[in-house]
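Peer 1: Dropping a prediction and its sequence here:
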Amino acid sequence: MSQVLLKKNTGHNSTKKPVFTEKVEYRPKDVKETGLHFVGHEISDDGKVMNQFLHYDQLYTIRHGWNSRFFIGLLEGKIWGTTCPKCGDTWVPVRTHCWNLDCNLQQTEWVEMPLKAKVHTWTVAGWSGRSSLKRLPIILVYGIIDGSKVAIANELHGIDPWDVEFNMPLKIVFKQKEERVGAVTDFHFEPVDSWKPSPINKEKERIKQLVEPVYEWIKTL
Amino acid sequence: MTRKVCFVGGATTPFDYGPTGFESIEGGAAECIRETRKDIPDFSLRDIDLMIYSHFSVHFGHQLAPEWIIHDHLGLVAIPHYRVENGGNTGGSAIYAAALAVMSGHHDVVGIVGWETMDSVTQSQGSEFIAMASDIRYELMVGGIYPIYYAAMANKWMKDNNVSEEEVATIGAKNRNNAMDNPKAQWYRNEHKYITVDDVMNSRLISYPIKKYDCCLMTRGVAFALICSEDYAKKVNPDGYVTIDGIGLSSCTIRAGDRINYPGWTERYGPDYPEMTEFGACRNSAEQAYKMAGIENPLKEIDFGEIHDAFSTSEAQIYKALGLADEKNIAQFLRDERTHMHGDIPMNPGGGLMGYGHPVGATGIMSAIECFYQLTGMIPKKHISRKTEVFNPECGIVNSHAGTGTSISNFIFRRS
């Protein structure tokens, strides 16, 4: 496993208060924190029942704290994991303290992970949350990054939805640097270059049948 | 020494999406209690010595601490109250809390009010709110909604257990068709039609292998349950109470991908369990409940259940986690329709989450109420016909389930 081990987990036990002097914003211009306010109402035709419309829109600060290296790493096109110096378990998504009760919440160390994984399980989504609808159909896989004890969810690009397979080898591909935001959406999985899909079969035909209307539907959004 | 815990009454509002006539949560709670009082007139609000409120998301409710609105509306000032929140297992966790309160001897009569108002936002926004109970740092923006996580787990589970899409689709049809006998069920009130396995198979893709009719409903609804000591049960409803003979609550990882090698599981059940496919917290909490209730063979000793069919795939996974079938015979178990009304262990005769509805904080309470109605002979009074009445049941199981299997409770109810 091609990992680079850092001697110290720099996030732990730091007493120095972080200073933030530069902020990168990529919020659409039309998003405003207007606070709570009523924006309308309706009364049923019989005059008996009222609905009222309340709007609020809040900006949250997610303080990544000790987990920050993982998210900063995404901006740099790297996948950082953590490893327990006592039992050796390694994770992406990261854990800043070991999950093994015998390790007594041992603080973990950062390791740079290889950009290789394999499919543990998968699905093809034809419906999603409001912010993801236009990207449908989405192949979501739980991939195990080489050396990790756990699987991480992300999208699989570069193949037809009906061609995804269990255990298929994957590479991790990052967006262009200027498009990255320090979130897991900065990367996705793709099949390794040598991978070839298996021939069409009954299940692939079935997935194709289910997915084709999704392609048509998203054109209408 | 602990005391016996009894379930002595309860009711729900109609479950629906949009207008129900019970829109205000405090009004809905009051009407549930009024219906309960019709069933057990000797029960008085003055008897309640603890109120537990069961509510999942203030995002849906646009109100922090909404239980305070309900509690004082019910006239219960000075009575202790608190809210339980545990994702989709909020209702089960509230029952667990109420049972502990009675078992301890500290409280005698505990009311539970559960509710959710999921039609406060659009369906797609609602799906995203629910997905905020996934780890938003790692999963929300790549998955987006819970059915996708469940579908990924189910896809592998079905392959590992040789279960087909059609076999799980029977569950989606079963629960919706059961709901057609239940006037409070959302499916009865809205779509109002019997469906076939083909209808499930032909419904739109949500996330392979899950289609629209494999999924539960988003719902507005309120439920009330009354849990008490046996002395109180004998006083107000001597011929119509059930005993809660077993309780179990267990936990698993928030991210499904984290459970494949988790030491807490491998220590208990060996390597490769629960993988990403089995509901370890369901197995574990069922084992706790079975042990407490003295159940050794659940398939023989349990007559029916009201369980958390968030998806038809997850109901099938739950059968296995409850020990009703194993890897070798789960597919045949489904093909034999063992959990249909004509089977030997009907599941979700009330319609379940796919038929009755899934207003998260009220859901586990609804399941318990339906189980209670079956065990006390109240189905002819509460359902439209006797088609969904289990024949002469002695013992039922109630199951409540959260996250991707992140928190799960099980309860064994027996006729007194």
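Peer 2: Cool, got the structure. Numbers count the residues shown, from 1 in each chain, chains lettered A, B, ... in the order given.
Peer 1: Tell me which residue lies nearest the centroid of chain A.
Peer 2: A:Val184 (3.7 Å; Cα atoms, centre = their mean).
Peer 1: Could you give the number of residues near B:Arg46?
Peer 2: 10 (other Cβ atoms under 10 Å in any protein chain shown). Where C-beta positions appear, they are placed from N, C-alpha and C, glycine not excepted.
Peer 1: Got the confidence number for it?
Peer 2: You'll see B:Arg46 listed with a pLDDT of 98.
Peer 1: Could you give the backbone dihedrals for it?
Peer 2: Here is the backbone geometry of B:Arg46 (degrees, to the nearest 10): phi -70, psi -20.
Peer 1: B:Leu76 too?
Peer 2: Backbone dihedrals for B:Leu76, given as degrees, to the nearest 10, come out at phi -100, psi 20.
Peer 1: Spell out the residue ranges of the strands in the stretch 51-200 of chain B.
Peer 2: B:81-84, B:109-117 (DSSP state E, counting those that start in this stretch).
Peer 1: burial count for the nearest residue to A:Lys149 once chain neighbours are set aside?
Peer 2: Taking Cβ to Cβ, 6 or more residues apart in numbering or on different chains as the measure, A:Lys149 lies nearest to B:Asn261, with 4.4 Å between them; neighbours along the chain are not counted. By the other Cβ under 10 Å criterion, the neighbourhood of B:Asn261 contains 18 residues.
Peer 1: How about A:Ser194?
Peer 2: By the measure other Cβ under 10 Å, the count of residues near A:Ser194 is 6.
Peer 1: got a pLDDT number for it?
Peer 2: At A:Ser194 the predicted local confidence, pLDDT, stands at 97.
Peer 1: Which positions within the host helix or strand of A:Glu212 qualify as buried?
Peer 2: Element membership of A:Glu212 [criterion: DSSP states H and E] is helix A:202-219. Residues of helix A:202-219 classed as buried by neighbour count (16 or more other Cβ atoms under 10 Å in any protein chain shown): A:Lys204, A:Ile207, A:Leu210, A:Val211, A:Val214, A:Trp217.
Peer 1: List the contacts of residue 154.
Peer 2: If you meant another chain, say so; for now it's chain A. A:Leu140, A:Val141, A:Gly143, A:Val184, A:Phe187, A:His188, A:Phe189, B:Val142 (Cβ atoms under 8 Å, 6 or more residues apart in numbering or on different chains).
Peer 1: meant chain B, my bad for not saying
Peer 2: Residues B:Val168, B:Pro209, B:Ile210, B:Thr277, B:Phe311, B:Thr313, B:Ser314, B:Gln317 are the ones in contact with B:Ala154 under the rule Cβ under 8 Å, 6+ apart.
Peer 1: What helices and strands are in contact with the longest strand along chain A?
Peer 2: With DSSP state E applied, the strand covering the greatest number of residues in chain A is identified as strand A:116-125. Other elements packing on strand A:116-125 under the criterion 3 or more Cβ pairs under 8 Å, 6 or more residues apart in numbering or on different chains; DSSP states H and E are strand A:138-145, strand A:169-174, helix A:202-219, helix B:146-160, strand B:205-207.
Peer 1: Show me the contact partners of the third one.
Peer 2: The list of residues contacting helix A:202-219 from outside it, by Cβ under 8 Å, 6+ apart, reads A:124, A:126, A:133-134, A:136-137, A:160-163, B:165, B:204-205, B:208, B:211.
Peer 1: Give the helix, strand or coil label for the residue of chain A most remote from its centre.
Peer 2: For chain A, the largest distance from the centre (Cα atoms, centre = their mean) belongs to A:Asp46, which lies 48.0 Å off. Three-state call for A:Asp46 (DSSP: H, G, I helix; E, B strand; the rest coil): coil.
Peer 1: For B:Arg220, see how far away it is.
Peer 2: A:Asp46 sits at a distance of 20 Å from B:Arg220 (criterion: Cβ to Cβ, to the nearest Å).
Peer 1: Which strand or helix spans the residue nearest to B:Asp181 when sequence neighbours are not counted?
Peer 2: Across the structure, with Cβ to Cβ, 6+ apart as the measure, the residue nearest B:Asp181 apart from its sequence neighbours is B:Thr388 (4.3 Å). Assigned by DSSP H and E, B:Thr388 belongs to no helix or strand.
Peer 1: can you check B:Thr266 too?
Peer 2: Assigned by DSSP H and E, B:Thr266 falls within helix B:263-269.
Peer 1: what comes up buried for that helix?
Peer 2: The neighbour-count check on helix B:263-269 (16+ other Cβ under 10 Å) flags B:Pro263, B:Gly264, B:Trp265 as buried.
Peer 1: Near chain A, list only the ones from the residues you listed.
Peer 2: Residues of these in contact with chain A (Cβ under 8 Å from any Cβ of the partner chain): B:Pro263, B:Gly264.
Peer 1: Let me have the buried residues of helix B:263-269 in TSV, adding distance to B:Val200 and pLDDT as columns.
Peer 2: Compiled in TSV, the buried residues of helix B:263-269 are given as follows (distance: Cβ to Cβ, whole Å; pLDDT from 0 to 100):
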residue	distance to B:Val200	pLDDT
B:Pro263	39	96
B:Gly264	35	96
B:Trp265	32	97
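Peer 1: could the buried residues of helix B:263-269 be laid out in a markdown table, adding distance to B:Ala368?
Peer 2: Putting the buried residues of helix B:263-269 into a markdown table (distance: Cβ to Cβ, whole Å) gives the following:
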| residue | distance to B:Ala368 |
| --- | --- |
| B:Pro263 | 33 |
| B:Gly264 | 28 |
| B:Trp265 | 28 |
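Peer 1: and of the buried residues of helix B:263-269, the nearest to chain A?
Peer 2: The shortest separation between chain A and any of these is 4.8 Å, and it belongs to B:Pro263 (by Cβ to the nearest Cβ).
Peer 1: Verify the stated contact: that closest one with A:Cys98.
Peer 2: No - look at B:Pro263 against A:Cys98 with Cβ atoms under 8 Å: they stay out of range, at 9.1 Å.
Peer 1: Out of the contacts of A:Asn154, give me the two with the largest separation.
Peer 2: Between all members of the contacts of A:Asn154, the longest pairwise span (Cβ to Cβ) is found for A:Leu140 and A:Phe187 and amounts to 13.8 Å.
Peer 1: neighbour count winner among these two?
Peer 2: The residue with the greater number of neighbours, taking A:Leu140 and A:Phe187 and applying other Cβ under 10 Å, is A:Leu140; the counts read 27 against 21.
Peer 1: after the helix or strand bottoming out on mean pLDDT in chain A comes which helix or strand?
Peer 2: The helix or strand of chain A with the poorest confidence is strand A:4-5; it has a mean of 52 (mean pLDDT, DSSP states H and E). Proceeding N to C from strand A:4-5, the next assigned helix or strand is strand A:37-43, under DSSP H and E.
Peer 1: Mind listing the strands that following strand pairs with, and their directions?
Peer 2: According to DSSP bridges, strand A:37-43 has the following sheet partners: strand A:50-55 (antiparallel).
Peer 1: what is the rounded mean pLDDT of the partner strand?
Peer 2: Along strand A:50-55, the predicted local confidence has a mean pLDDT of 90.
Peer 1: Low-confidence stretches in chain A?
Peer 2: Along chain A, segments meeting pLDDT under 70 span A:1-15.
Peer 1: Pull the number of nearby residues for A:Asp146.
Peer 2: Other residues near A:Asp146 number 20, with proximity taken as other Cβ under 10 Å.
Peer 1: Check B:Ile244 too.
Peer 2: Using other Cβ under 10 Å as the criterion, B:Ile244 is surrounded by 26 other residues.
Peer 1: again, but for A:Arg27
Peer 2: Number of residues near A:Arg27 (other Cβ under 10 Å) recorded here: 8.
Peer 1: ok, now how distant is it from B:Ile345?
Peer 2: In this structure, A:Arg27 lies at 53 Å from B:Ile345, with Cβ to Cβ as the measure.
Peer 1: try B:Gly403
Peer 2: To B:Ile345, B:Gly403 is 26 Å away according to Cβ to Cβ.
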